[in-house]
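K.L.:
Show me how the following folds:
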Amino acid sequence: MNIWDSFLSPADRAVVARGRFGRRMGFGARPAVVVIDAQKYMVGQAGADDQWPSSCGDIGRRAVGEISRLVASAQRAKVPCFFSLFELDPQGRDIGVYARKRDLLDSDHWCLAGSTGAQMVSELTPGAQDIVFVKKKPSGFHGTPLLGYLMDRQIDTVIIVGGATSNCIRATVFDASSYNLRTIVVQEAVFDRIPISHAISLFDMDRQFADVVSMQDALKYLDEVSPGAAPA
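P.N.:
A predicted model of the protein is given here:
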């Protein structure tokens with residue numbers, strides 16, 4: 001049973017069946033892991049989430065544990081990992097239209113450049129072949145060198161994890177698919193603040209632009225992929 005099944009009516013299921021949505025694209029031969037915004041401001045602190053304005057709470061912290069497992073498996077297989085960090089200028093000079101939807105928060109626990117909140121979570125350690133890059137918009141591709149990094153390594157499959165499912169994950173998935181990459185989302189390794197947003201976003205991605213897979217399937221794939229399949 002998929003996490004989104006309880007939200008679908010019989011009429012919804014009929015639409016999906018009639019349109020033949022949700023086929024599997026499958027894994028390719030040259031994968032990379034893309035970790036979106038696995039930062040302290042996104043997961044807060046147990047018992048003190050009220051001090052972290054964008055924290056996804058326990059849901060985010062559990063997902064970070066799964067992300068750590070996936071990254072470790074990828075690193076053992078010599079599959080490159082790319083880590084995005086979302087940072088905003090403390091004066092808001094690069095916030096753009098987002099400022100029309102949300103206040104610039106003057107907090108060390110938010111995503112301001114140089115703040116505690118903007119740091120990567122301590123559970124993740126990029127390896128020698130991995131890359132950390134900063135983004136300013138929801139998609140990991142918009143205005144960043146990510147696509148160039150993937151092309152240079154002849155990547156055909158991106159395994160996307162991190163948060164939040166309904167915005168930065170979703171935006172990155174749609175762009176990855178638009179670039180004709182096989183796009184995989186690991187269900188246990190993405191997270192959001194609001195359960196319905198999380199579930200419906202996974203449904204929408206799985207229906208048209210990505211394969212939403214289990215951690216077990218992703219780890220099995222990484223265990224079986226040829227060492228060094230994605231050249232550095």
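
K.L.:
May I have the lengthiest helix in the chain exported as CSV, CA atoms only?
P.N.:
Among the segments of the chain that qualify as a helix by DSSP state H, the longest is helix 57-76. In CSV, the C-alpha atoms belonging to helix 57-76 read as follows (Å, rounded to 0.1, in the frame of the first residue of the first chain):
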residue,chain,number,x,y,z
GLY,A,57,10.4,17.7,13.6
ASP,A,58,10.7,14.0,14.3
ILE,A,59,9.6,13.1,10.8
GLY,A,60,12.7,15.0,9.4
ARG,A,61,15.0,13.5,12.0
ARG,A,62,13.9,10.0,11.1
ALA,A,63,14.4,10.7,7.4
VAL,A,64,17.9,12.0,8.1
GLY,A,65,18.8,8.6,9.5
GLU,A,66,17.6,6.9,6.3
ILE,A,67,19.4,9.4,4.2
SER,A,68,22.6,8.6,6.1
ARG,A,69,22.2,4.9,5.3
LEU,A,70,21.6,5.6,1.6
VAL,A,71,24.6,8.0,1.3
ALA,A,72,26.9,5.4,3.1
SER,A,73,25.8,2.7,0.6
ALA,A,74,26.4,5.1,-2.3
GLN,A,75,29.8,6.0,-1.1
ARG,A,76,30.8,2.4,-0.7
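
K.L.:
name the helices or strands packed onto it?
P.N.:
Contacts defined by 3 or more Cβ pairs under 8 Å, 6 or more residues apart in numbering; DSSP states H and E place helix 57-76 against strand 31-36, helix 40-43, strand 81-86, strand 157-163, strand 182-191, helix 215-224. C-beta here means a position set from N, CA and C on the backbone, and glycine is covered the same way.

K.L.:
so how far is that helix from its chain's centroid?
P.N.:
Helix 57-76 sits 11 Å away from the centroid of its parent chain (Cα atoms, centre = their mean, to the nearest Å).

K.L.:
which residues sit against that helix?
P.N.:
Contacts with helix 57-76, where a contact means Cβ atoms under 8 Å, 6 or more residues apart in numbering, come from 31, 33, 35, 38, 42-44, 46, 49, 56, 80-81, 121, 123-124, 127, 130, 159, 161-163, 186, 188-193, 198, 215, 218-219, 222-223.

K.L.:
Alright, I will stop here.
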